[in-house]
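> Structure of the sequence below:
(chains A and B)
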2 protein chains.
Amino acid sequence: MSKNNGNSKMVEQITSMDVDFAKWYTDIVKKAELIEYTSVKGCMVIRPYGYAIWENIQRILDGMFKETGHENVCMPMFIPESLLNKEKDHVEGFAPEVAWVTHGGSEKLEERLCVRPTSETLFCEHYANIIHSYRDLPKLYNQWVSVVRWEKTTRPFLRSREFLWQEGHTIHATAEEAIEETEQMLNCYARFCEESLAMPVVKGKKTESDKFAGAVSTYAIEALMHDGKALQAGTSHYFGDGFAKAFGIEYTDKENKRVNPHQTSWGVTTRLIGAIIMTHGDDNGLVLPPAVAPIQVVIIPIAQHKDGVLDKANELYEKLKSTGIRVKLDNSDNSPGWKFSEYEMKGIPVRLEIGPKDIEKNQCVLVTRHNREKTFVSLDELENAVNVKLKEVHDGLYEKALKNRENKTYSCKSIEEISKALEEKGDGFIKAMWCGDEACEDEVKEKTGAGSRCIPFEQENIDNKCVCCGKPAKHMVLWGKAY
Amino acid sequence: MSKNNGNSKMVEQITSMDVDFAKWYTDIVKKAELIEYTSVKGCMVIRPYGYAIWENIQRILDGMFKETGHENVCMPMFIPESLLNKEKDHVEGFAPEVAWVTHGGSEKLEERLCVRPTSETLFCEHYANIIHSYRDLPKLYNQWVSVVRWEKTTRPFLRSREFLWQEGHTIHATAEEAIEETEQMLNCYARFCEESLAMPVVKGKKTESDKFAGAVSTYAIEALMHDGKALQAGTSHYFGDGFAKAFGIEYTDKENKRVNPHQTSWGVTTRLIGAIIMTHGDDNGLVLPPAVAPIQVVIIPIAQHKDGVLDKANELYEKLKSTGIRVKLDNSDNSPGWKFSEYEMKGIPVRLEIGPKDIEKNQCVLVTRHNREKTFVSLDELENAVNVKLKEVHDGLYEKALKNRENKTYSCKSIEEISKALEEKGDGFIKAMWCGDEACEDEVKEKTGAGSRCIPFEQENIDNKCVCCGKPAKHMVLWGKAY
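Residues are numbered from 1 along each chain as shown, chains lettered A, B, ... in the order given. Take a look at the predicted model:
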């Protein structure tokens, strides 16, 4: 963690989220020192504090992937144009937004290369080389890399031209196995969001128009941000054998027949950091879920010039650190008030205050970031008390986010009801029925601004007819304006 | 780890290292499943087994970096041409070998961007934004990314167009602090190579002609491969305030003066995997140092169809796993002989054999990969015995590598002696004196093929005069043919 250098500048205020949510967001990413802009539009520096959040996300997810038998690999970052072109839907989806390398040094390349926007084509080329027999299946691969998509409008974490992600790519003997994998990884993401990010999500299937380029079906988890806008937090795609056919991936099955295997891919990105900000943040800054907070507890000595205070603060620091809690002691000469503001901005879940009077009473004060609740705890029970508080923060954040989503989810039976709900109650999730016709999906979006987010696995019967055309409904769709 | 699917193909032989060392090397990277080639020349797939070695390297080094106060960040992969051009020496060194992005989607970019060959310029732009006062110093940053250099001739791990590395970038108030950092990180690399890779290295300073583009001085660790060729295993650069001046990085010091800070950078790459192969490998395949081996112990049941064998093998697997040893049990229906060859090819440090007779005697057999030494050990003392063996493998590998280097290091007093030593004894390190004149350095290389590897910190007085011109010698230089 960066040292605080004893500088007593004021912690600057950020724009209130009620005044301007977008400005509030960019204020936080800058003031909490998550990112810094660069001279290349849409490309950012992820600063130590932001990157440490990503490292925690990586560590937890990577553990989940490995537990389920996945192995990490590393594909090249360049895709030859002819390789990208092999799967028709895929290239149509991605070619308009790739960055092209045309020269190496001073020489023009014979074939231009794109910087990977995603790596299906590279994995397919590799599979074609290494898969020959049913004995070679499945391959359960993942990689942690950055990808590039030449977006027109960009926002830190939410939509950047280069972003970090993990992309899982698996290949299986049967369609059933591949579909099972797609579902397993969607569930893995949902569990991660709920258990580690304290962020409730809705699991569902994307409509045809919203599928990944080249997929048979795309599944997604959708979260609702504090402002009522939806954010796609992770996706999992089932490819069938379409890519295998396009890339000539075949294996000899047990009956000695040559057949095409079935594939999946799935990914989450640094966008999750944006989701954390917009799910839990408040007007005092970032609020981090304890599981991914780079610092879980910050110790702030009160009247630290007095005898014994820093010694005791150090003792508590060592004690907490030894139990595996991520703890920081700020003994800089900034005022306690400055430190309070600074670490609230940084979203540290628990603040521990210790001063001469506390030491006399063998106690300290724990303050939870999300609700500023103060608790006096005996130093004899500190470790336990801190762990209880961290759990309380996680649960409190989750409950708050869930309540926000519940308050902002509206069931509607007509386009008029959708428009009215969004206008009167503000942005949110709309539950409404759909006939399955793309024209109706488009019309809802056009008239209300709310697009289909997903067809939730947990269906409800809001009505019997399509919210748009009135024909018999096939699905309940979750609609919303999205990031 | 990838499952062995019971396929009883023969383990293919590799070329003997004495017949063709280069072919032996590429045979190993393929047969041990470290990499696979792609359709882009010089870009490779790092397969699960190869990547797992890199993950272990990362984990250990990242821990060492963090212990010494470094923080991870992530810079963009693109550098605008104008930014690359800011430091004259730096651009001259790198521009000839960068990949240029000229188009985003179908649009031509206003300014072309290179894919980072190294990130000094990006860090400098960032420092200029965030460093204002002496209170903002030092910044001790690192990143784990891939970089691209458009090399003409390429070899897996040793010289590829894209490779993985870490690049540390630090900025300090004073030159002294920066120099200290440069030395600290070189020592960190040397310790890592010796303690984790079982690879002895020579620490030294590069000559002027061999410095990093833009550096005041470059320090390196040099290792000697089995074939007597040298390999630069890590570098650490001191930049002075040259980059700071070129990029306008200034801070206000304690006397309220505006001054330029001092910088360093340091890196190691996936090349280390090539170094492991060429330091420890043999004609049976890879030999991995235990600290970075993805699998440290492989359990091979003998006569596994017999009652109780697989149960006991499983029990030993669980026992070793629970103590933190990276262990694999191969209970596939391949023959033990096939498995022995397969895991020798993969370089697994210790093989554990357990069969019916062993079980009767409450023992098993441990075989160390590097010397095929067999030891019977009591199952009651298994954990300890395995740890002792892993330590023996590490020490054995280190000793063998050190002996190889000692046998292949020749002290010479003339160019003729150098040529003769290389011709009669084969490639190796040459210790010979140098006057400091670049013309002499060039002449030695031209006449003998051996270039200057470094000026070792540990100097010896081989002679009083330059090996080339006969003028008074300034340094003992370590010379060699290099990868």
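
> Work out which residue lies at the spatial centre of chain A.
For chain A, the residue nearest the mean C-alpha position is residue A:272 (1.9 Å; C-alpha atoms, centre = their mean).

> Where does that residue fall, secondary structure wise?
helix A:271-280 (DSSP states H and E).

> Which is the succeeding secondary structure element to that helix?
strand A:297-301.

> one step back: isn't the residue nearest to the centre of chain A up against residue A:57?
Yes. In this structure, residue A:272 is within contact of residue A:57 by C-beta atoms under 8 Å, at 6.1 Å. All C-beta spots, glycine's among them, are computed from the backbone N, C-alpha and C.

> And chain A, split by domain according to the record?
A:21-280, A:297-395, A:409-480 (automatic domain parsing).

> which one of those lies closest to residue B:48?
With C-beta to C-beta as the criterion, residue B:48 lies closest to domain A:21-280 of these, at 3.8 Å.

> what about that closest one, start to end distance?
13 Å (C-alpha to C-alpha, to the nearest Å).

> same question, stretch A:354-369
One end of stretch A:354-369 sits 17 Å from the other (C-alpha to C-alpha).

> could you pull out the helices for the stretch 351-483 of chain A?
Counting by DSSP state H, counting those that start in this stretch, the stretch 351-483 of chain A has these helices, from start to end: A:356-360, A:382-407, A:415-425, A:438-448.

> need those helices in TSV with mean neighbour count, mean pLDDT and distance to chain B, can you?
Output for the helices of the stretch 351-483 of chain A, formatted as TSV (neighbours: other C-beta atoms under 10 Å in any protein chain shown; pLDDT from 0 to 100; distance: least, C-beta to the nearest C-beta, whole Å):
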stretch	mean neighbour count	mean pLDDT	distance to chain B
helix A:356-360	15	97	28
helix A:382-407	18	98	22
helix A:415-425	16	97	33
helix A:438-448	16	98	24
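
> Make a markdown table from those and add distance to residue B:48 to it.
Output for these, formatted as a markdown table (distance: least, C-beta to C-beta, whole Å):
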| stretch | distance to residue B:48 |
| --- | --- |
| helix A:356-360 | 52 |
| helix A:382-407 | 33 |
| helix A:415-425 | 48 |
| helix A:438-448 | 41 |
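
> Residue A:78 is nearest to which of the ones you listed?
Across the helices of the stretch 351-483 of chain A, closest to residue A:78 is helix A:438-448 (C-beta to C-beta), at 35.2 Å.

> How far off centre is the closest one?
With C-alpha atoms, centre = their mean, to the nearest Å as the basis, helix A:438-448 stands 27 Å off its chain's centre.

> neighbours around the closest residue to chain B within the stretch 351-483 of chain A, how many?
The stretch 351-483 of chain A approaches chain B most closely through residue A:483 (21.3 Å), counting by C-beta to the nearest C-beta. Using other C-beta atoms under 10 Å in any protein chain shown, residue A:483 is surrounded by 19 other residues.

> do residue A:320 as well
What residue A:320 shows, counting by other C-beta under 10 Å, is a neighbour count of 23.

> Now do residue A:13, the pLDDT please.
We have a pLDDT of 85 for residue A:13.

> what sits against residue A:186?
Taking C-beta atoms under 8 Å, 6 or more residues apart in numbering or on different chains, we find residue A:186 in contact with A:203, A:219-221, A:234, A:236, A:266.

> mind listing what's buried in the worst-scoring helix or strand of chain A on mean pLDDT?
For chain A, counting by mean pLDDT, DSSP states H and E, helix A:88-94 ranks last in confidence among helices and strands (a mean of 91). Neighbour-count burial for helix A:88-94 flags A:90-91, A:93-94 (criterion: 16 or more other C-beta atoms under 10 Å in any protein chain shown).

> Could you list every helix and strand in contact with the following helix or strand past that helix?
Following helix A:88-94 in sequence order, the next helix or strand is strand A:99-104 (DSSP H and E). When contacts are defined as 3 or more C-beta pairs under 8 Å, 6 or more residues apart in numbering or on different chains; DSSP states H and E, strand A:99-104 sits against strand A:107-115, strand B:99-104.

> now the spatially most distant residue from the centre of chain A: how far from residue A:333?
For chain A, the C-alpha farthest from the mean C-alpha position belongs to residue A:307; by C-alpha atoms, centre = their mean, that distance is 45.6 Å. From residue A:307 across to residue A:333, the span is 17 Å (C-beta to C-beta, to the nearest Å).

> Kindly report the same for residue A:200.
If you go by C-beta to C-beta, the gap between residue A:200 and residue A:333 works out to 42 Å.

> With neighbour numbers in mind, choose between these two.
Taking neighbours as other C-beta under 10 Å, residue A:200 and residue A:333 compare with residue A:200 leading, 20 against 12.

> residues contacting the more buried one?
Per C-beta under 8 Å, 6+ apart, neighbours of residue A:200: A:193-194, A:223, A:398, A:401-402, A:405.

> Secondary structure element holding it?
Using DSSP H and E, no helix or strand contains residue A:200.

> again with residue A:316
Residue A:316 belongs to helix A:309-322, assigned by DSSP H and E.

> Check whether residue A:159 really touches residue A:152, as I assumed.
No. Using C-beta under 8 Å, residue A:159 makes no contact with residue A:152, being 9.4 Å away.

> any idea what sits nearest the residue in the stretch 251-400 of chain A that chain B sits nearest to, other than its immediate chain neighbours?
Nearest to chain B in the stretch 251-400 of chain A, going by C-beta to the nearest C-beta, is residue A:270, at a distance of 8.8 Å. For residue A:270, ignoring the flanking residues on the chain, the nearest one in space by C-beta to C-beta, 6 or more residues apart in numbering or on different chains is residue A:164 at 4.6 Å.
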